[in-house]
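>>> Here is my input, please return the structure:
(one chain, ligands or ions: 1)
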Amino acid sequence: MKLHFYKYRGAGNDFILVDNREIAVNHHNVELIAGLCDRRFGIGGDGIMFLQNKEGYDFEMVYYNADGQPSSMCGNGGRCIVAFAKFPGIIDSETDFLAVDGPHHAKISETGDWVSLQMIDVDTITKNADAYVLNTGSPHYVTPAHDLANKNVYADGHAIRNNETYKANGINVNFVEPKANGYFVRTFERGVEDETYACGTGVTAVALAMAKHNNQTGSIETPIKVLGGDLNIRFNYDGISFTKIFLEGPAKLVFEGEVQIYK
Ligand SMILES: N[C@H](CCC[C@H](N)C(=O)O)C(=O)O
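As a prediction, this is how the structure comes out:
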């Protein structure tokens with residue numbers, strides 16, 4: 001099977017992207033998807049997304065985690081698919097597209113490599129010991145960390161993701177350390193089953209959780225540093241609901257290719 005694909009990165013979270021408007025690829029195939037995302041036997045990526053036509057929207061984003069399974073929302077992937085959509089002229093500077101968690105609005109810079117993606121509103125955030133648990137399109141566990149640069153994020157994140165509470169459905173685990181301006185965050189991602197260099201729904205969850213933790217309300221902007229770069233989250237919080245949430249940052253095309261896939 002021949003496959004034309006694009007490789008994108010969003011602050012170090014990296015994705016294979018396929019323009020599937022012609023529905024050339026039947027992606028309901030765990031072995032194919034996991035194989036494409038495999039960093040040794042395939043192209044490699046934290047996930048893969050298919051851009052498809054959808055009545056009433058500029059396009060639909062269909063996202064799979066690297067394990068080949070259909071996923072919940074991917075924030076960095078959402079930013080990258082918007083950057084891609086400008087490339088063939090599917091969109092200009094703004095868009096409304098459909099993802100697994102519903103409609104999303106996004107704006108893209110003139111340069112085409114910086115995207116602001118509106119995320120779903122969040123009304124529920126629960127405390128679990130020193131951690132916060134919330135869903136920003138994907139489920140997230142947010143916990144404080146010291147000396148985060150030297151933490152074994154794989155081991156500690158894997159342990160939480162597989163504990164009795166979260167083993168069945170999994171959860172993304174975010175470790176957060178305050179910095180002079182904002183926070184430093186490292187994330188163990190469900191479905192990748194490893195640390196990723198950024199997690200968009202994850203840094204969004206951290207920004208909201210820290211506002212609650214610090215009793216901040218109003219219009220809030222939170223810069224977050226991740227291993228792969230810098231992201232920014234803007235939102236309103238009235239002490240109960242988080243609304244007008246925007247995840248902002250780089251979304252870059254790394255390479256384009258065509259592969260002949262052999263078993
Ligand atoms: N691994 C996540 C989905 C992708 C999230 C992440 N890549 C993002 O940018 O939001 C999950 O299974 O919940």
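>>> So for Lys263, what's the pLDDT?
Listed pLDDT for Lys263 reads 67.
>>> same thing with Phe184?
Looking at Phe184, its pLDDT is 98.
>>> distance of it from His146?
Distance, Phe184 to His146, by CB to CB, to the nearest Å: 11 Å. Glycine gets a C-beta too; all of them are placed from N, C-alpha and C.
>>> So for these two, which residue has more residues nearby?
More neighbours surround Phe184 than the other of Phe184 and His146, with 17 against 8 (other CB atoms under 10 Å).
>>> what's next to the helix or strand the more buried one falls within, contact-wise?
Using DSSP states H and E, the element containing Phe184 is strand 183-189. Applying CB atoms under 8 Å, 6 or more residues apart in numbering, the external contacts of strand 183-189 come out as 46, 65, 145, 148-149, 151, 153-154, 156-158, 160-161, 172-177, 194-196, 198-199, 202-203, 206-207, 210, 222-227.
>>> Report the angle between the lengthiest helix in the chain and strand 183-189.
Assignment by DSSP state H gives helix 200-213 as the longest helix of the chain. Relative orientation of helix 200-213 and strand 183-189, computed by axes from the mean of the first three to the mean of the last three CA atoms, to 10 degrees: 130 degrees.
>>> any idea how far the residue lying closest to Ala34 once chain neighbours are set aside lies from the ligand?
Closest residue to Ala34 apart from its sequence neighbours, by CB to CB, 6 or more residues apart in numbering: Gly68 at 3.3 Å. Distance of Gly68 to the ligand, given as CB to the nearest ligand atom, to the nearest Å: 12 Å.
>>> what does the stretch 101-250 of the chain put close to the ligand?
Neighbours of the ligand within the stretch 101-250 of the chain, by CB under 6 Å from any ligand atom: 138, 172, 189-192, 199-202.
>>> go with 8 Å
136-140, 170-172, 187, 189-192, 196, 198-202, 204 (CB under 8 Å from any ligand atom).
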